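# Dropping a prediction and its sequence here:
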Amino acid sequence: MRKECNIIRDLLPLYAENMVSPDTADFVEEHLKGCASCKQEYERAKEPQPVREDSGAAPLLNLSRKLLYKRVQTVAVTALFVAALLISAFAALDAPLYLPYSEDLITMEPLGSSGMVLTFNEEVTDFRYRVYDDPDGGDFCYCDIEVWTSLWDQWFSQGKGSLSVAVTENHAKPMIAVYLPNDGTEDICIGKYEPNSENPITKDGCQINRITLPRLALGYYSLFAAAALAILGILWVLAKKKPKLRVWIERIGFYPAAYLISHCIVSGISWSSYSLPRDFSLILFLSILLYSGLLLAHNIWRLKREIKEIHG
Ligand SMILES: [Zn+2]
């Protein structure tokens, strides 16, 4: 249906009741002459109808409903935008700042014959560790340790004291504690725990040669988003003569766009991440917010155009 038809349809109930100005009546008549489907609609409107509460005020209601709708959407867009902004700020403040290794960063103490206690110095505001058997089948296990702080913690968690954790191993195997600097440099062995020995914590046999690489999955997701965006862009160009299809392509295309923007906000332009789960969930969360914002902005823009057309 053409745009003009929509306007005519809105006016028909008023026209049928002779409630329009002569100019509007001329406009409607002119259109009815050339448009069979609106003419049909008009014939139907002229027939006596069961009384409907909104029949006479339909076009006005329609317009004021649209205006209200637009106002509500504007408020929602603003709220979403502010929320996205706050979350981005929090993401930046909460991003882990991995600490370079130093002798006094972590101290190891034996915990009977069941494991060890790690104590971190006060710089450390958060940590993560993972115990796993030697992947090459040796009769010992590794304990990978990551420690970090964040701007947020540096500003707001002063003087919380030092953190410590008991790391136990059920099979009384030796455990090699490895520090992951997460900055692209080599992992560092900080000590070895030998159960049932006189000196359970040693630095003997503490030899590793490996680098923990950042996880690249985020890069793949972004590539995927960029590819989707490119394909939708091509479809959009091809759909030049199908405005309805175009609107849907725009609506779908906002998501990969929102995802890419969120990726840049959370991880910068880097494609790798040392804290994948955190980064990914933040990106998802932010992208959904942004997506809703973009959809609403798109709707408002389209409504604005429509309202402009109705106003003439
Ligand atoms: Zn028409």
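Okay, I see it.

# Could you break the chain into its assigned domains?
3-56, 66-94+215-311, 97-202 (automatic domain parsing).

# what about the second one, average pLDDT?
Put plainly, it is domain 66-94+215-311. Model confidence over domain 66-94+215-311, given as mean pLDDT, is 84.

# For residue 310, give me its contacts.
By C-beta atoms under 8 Å, 6 or more residues apart in numbering, residue 310 lies in contact with 7, 10, 63, 66. For the C-beta atoms, the positions are set from N, CA and C on the backbone; glycine is no exception.

# Would you check how far apart residue 276 and residue 285 are?
15 Å (C-beta to C-beta, to the nearest Å).

# Nearest spatial neighbour of residue 155, chain-adjacent residues omitted?
For residue 155, ignoring the flanking residues on the chain, the nearest one in space by C-beta to C-beta, 6 or more residues apart in numbering is residue 93 at 7.9 Å.

# what's near enough to touch the one you found?
Contacts of residue 93 by C-beta under 8 Å, 6+ apart are 150, 151, 152, 155.

# low-scoring stretches of the stretch 1-150 of the chain, by residue?
For the stretch 1-150 of the chain, residues meeting the criterion pLDDT under 70 lie at 1, 48-61.

# Which residues of it lie near the ion?
Taking C-beta under 5 Å from the ion as the criterion, the stretch 1-150 of the chain approaches the ion at residues 5, 35, 38.

# So the residue in the stretch 201-312 of the chain that the ion sits nearest to, which state does it fall into?
Closest to the ion within the stretch 201-312 of the chain is residue 309: 14.3 Å, counting by C-beta to the ion. At residue 309 the chain is in helix, as set by DSSP: H, G, I helix; E, B strand; the rest coil.

# And for it, nearest residue in space, chain neighbours not counted?
Excluding its sequence neighbours, the residue lying closest to residue 309 (C-beta to C-beta, 6+ apart) is residue 3, at 6.1 Å.

# so how many other residues sit close to the one you found?
11 (other C-beta atoms under 10 Å).

# where along the stretch 151-300 of the chain do the helices fall?
Taking DSSP state H, counting those that start in this stretch to define them, one finds helices in the stretch 151-300 of the chain at 151-156, 217-238, 243-267, 276-311.

# Send me stretch 91-98 as CSV with only the CA atoms.
Below are the C-alpha coordinates for stretch 91-98, written out as CSV (Å, rounded to 0.1, in the frame of the first residue of the first chain):
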residue,chain,number,x,y,z
ALA,A,91,34.1,-2.7,32.2
ALA,A,92,37.1,-0.4,31.9
LEU,A,93,37.4,0.1,35.6
ASP,A,94,37.1,-3.6,36.4
ALA,A,95,39.4,-4.9,33.6
PRO,A,96,42.1,-7.0,35.2
LEU,A,97,45.5,-5.4,35.4
TYR,A,98,47.9,-8.3,35.6
